[in-house]
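[1] based on what follows, work out the 3D shape:
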Amino acid sequence: MSDSVVADQPWNRQRLRSTNERLLLDRLRNHGPASRAQLARETGLSKPTVSSALAALEDAGLVREVGTLAPERGRVAVLYAADPAAGYALGIDIGRSWLRIAVADLDGQVISRSDVRNRARTSGAMADLVVATAHRVVAGAGGDPAAVAHAVVGTPGVYDEEQRRVRYAMHLPGWGRAGLFDRMRDELGVPLEVHNDANLAALGEYTYGVGAGSRLFAYIMIGTGLGMGVVSEGRLFTGAHGGAGEIGFLPWAGSPKPRTLEDAVSGEAVVESARSFGMTGQLTAKAVFDAARSGQPAAVEAVRLEGERIAHTVAAAAAVLDPDLVVLGGGVGHSVDLLLRPVRETLRALTPLRPKIVPSRLGEDAVLMGAVATALSTARDVVFERRSTA
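    So this is what the prediction gives:
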């Protein structure tokens with residue numbers, strides 16, 4: 001036997017042990033508690049290998065005993081489960097009006113959360129608010145802050161990794177300043193990723209909401225702005241530079257002056273339409289939808305027009321992506337019950353491509369839960385590597 005083969009053997013054995021341990025841990029996390037015998041049957045590993053791997057996982061604090069199973073015949077079997085408290089993930093949703101932050105355990109269960117009004121007037125003050133709120137939420141989780149393995153931030157715009165800044169976040173003044181997220185990362189003391197909010201909302205709906213099982217679906221976020229997230233076979237499609245889904249920049253031809261689709265479809269567009277139909281006073285999109293729900297003619301017309309414009313947005317997405325499902329969410333998503341009929345009727349007149357259209361199940365939590373789901377994916381890997389090599 002050559003020296004190189006001998007030198008390789010310990011590394012190969014360690015890698016094999018690590019692979020077996022991860023296989024068992026993933027099985028327990030994805031399908032719940034199981035006995036040694038059951039794990040051996042389902043994974044194809046030998047019983048001694050399963051016993052050895054479980055012992056290592058238990059020593060590392062990744063697996064714990066959760067009970068016993070008493071069969072009709074034979075010995076009582078110990079049941080094992082992945083320990084959800086082995087580490088944590090941090091999700092952050094930064095919006096113009098609200099900041100939402102949550103800590104979840106490794107099972108994806110949110111154990112601490114805070115929703116605060118975003119009253120910051122500068123980007124620096126907003127970064128301070130994020131850091132302070134995140135520290136408070138982590139403290140509320142009751143565990144060791146160092147156990148937070150990964151964090152994900154959802155924000156309007158597209159994060160430019162090379163420039164270290166957000167682009168296209170027009171509704172958050174100063175948010176495109178370079179270094180803001182580096183500063184938050186340093187002050188939080190946690191590895192931090194930055195993603196577009198509509199993309200995370202789409203992942204949130206895929207993981208926890210109506211998108212589960214969809215082959216390809218589009219999440220259209222209608223609120224202060226307009227954005228779209230696309231999930232194909234469980235994975236986000238973000239394009240070459242992260243700008244896929246920025247449909248708000250599409251030109252809108254239904255106006256005598258040059259406008260974008262965001263100008264025509266956002267919450268502000270609903271208010272503008274309502275005023276053009278005769279509504280007066282201090283108007284918000286919510287006020288217009290509430291008035292439409294009570295039958296106020298000008299508001300009803302404004303909502304009908306909004307539905308028609310959303311149908312054009314869906315038609316564009318259908319022509320390019322051919323999704324099997326379109327989810328309507330964002331601030332305007334609260335009133336999808338009023339919009340679905342005009343959207344569907346207009347879509348029938350516009351195109352033969354008619355994907356199923358449904359409201360968001362997660363509502364205003366879609367971005368936050370997408371951030372949690374994305375952070376969890378990395379946190380589970382990090383925790384396994386930390387604990388299994390300790």
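[2] report the buried residues of stretch 85-95.
    86-95 (16 or more other CB atoms under 10 Å). (C-beta placed from N, C-alpha, C; glycine too.)
[3] which of the residues you listed fall within strands?
    Among the buried residues of stretch 85-95, the ones falling in strands (DSSP state E) are 88-94.
[4] could you identify the helix or strand that succeeds the lowest-mean-pLDDT helix or strand in the chain?
    When each helix and strand of the chain is scored by mean pLDDT, DSSP states H and E, helix 3-31 comes last, with a mean of 76. In the C-terminal direction, the helix or strand that comes right after helix 3-31 (DSSP states H and E) is helix 36-43.
[5] put the alpha carbons of whatever helix or strand comes next after that next one into PDB.
    Counting by DSSP H and E, the next helix or strand C-terminal to helix 36-43 is helix 47-59. The C-alpha coordinates for helix 47-59 follow below in PDB (Å, rounded to 0.1, in the frame of the first residue of the first chain):
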ATOM      1  CA  LYS A  47     -27.000  -0.700  12.600                       C
ATOM      2  CA  PRO A  48     -23.500  -0.300  14.100                       C
ATOM      3  CA  THR A  49     -22.800   2.700  11.800                       C
ATOM      4  CA  VAL A  50     -26.100   4.300  12.800                       C
ATOM      5  CA  SER A  51     -25.400   3.800  16.500                       C
ATOM      6  CA  SER A  52     -21.900   5.300  16.100                       C
ATOM      7  CA  ALA A  53     -23.200   8.300  14.100                       C
ATOM      8  CA  LEU A  54     -26.100   8.900  16.500                       C
ATOM      9  CA  ALA A  55     -23.700   8.800  19.500                       C
ATOM     10  CA  ALA A  56     -21.400  11.400  17.800                       C
ATOM     11  CA  LEU A  57     -24.400  13.600  16.900                       C
ATOM     12  CA  GLU A  58     -25.700  13.400  20.500                       C
ATOM     13  CA  ASP A  59     -22.300  14.300  21.900                       C
END
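[6] what angle do helix 47-59 and helix 36-43 make?
    Put simply, helix 47-59 runs at 110 degrees to helix 36-43, going by axes from the mean of the first three to the mean of the last three CA atoms, to 10 degrees.
[7] packing partners for helix 47-59?
    Counting contacts by 3 or more CB pairs under 8 Å, 6 or more residues apart in numbering; DSSP states H and E, helix 47-59 packs against helix 3-31, helix 36-43, strand 63-69.
[8] dump these into a markdown table; add mean neighbour count and distance to Phe384 as well.
    Converted to a markdown table, those look like this (neighbours: other CB atoms under 10 Å; distance: least, CB to CB, whole Å):
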| stretch | mean neighbour count | distance to Phe384 |
| --- | --- | --- |
| helix 3-31 | 14 | 6 |
| helix 36-43 | 17 | 17 |
| strand 63-69 | 15 | 11 |
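[9] now the ones you listed as JSON lines including distance to Trp252?
    Compiled in JSON lines, the helices and strands packed on helix 47-59 are given as follows (distance: least, CB to CB, whole Å):
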{"stretch": "helix 3-31", "distance to Trp252": "45"}
{"stretch": "helix 36-43", "distance to Trp252": "54"}
{"stretch": "strand 63-69", "distance to Trp252": "55"}
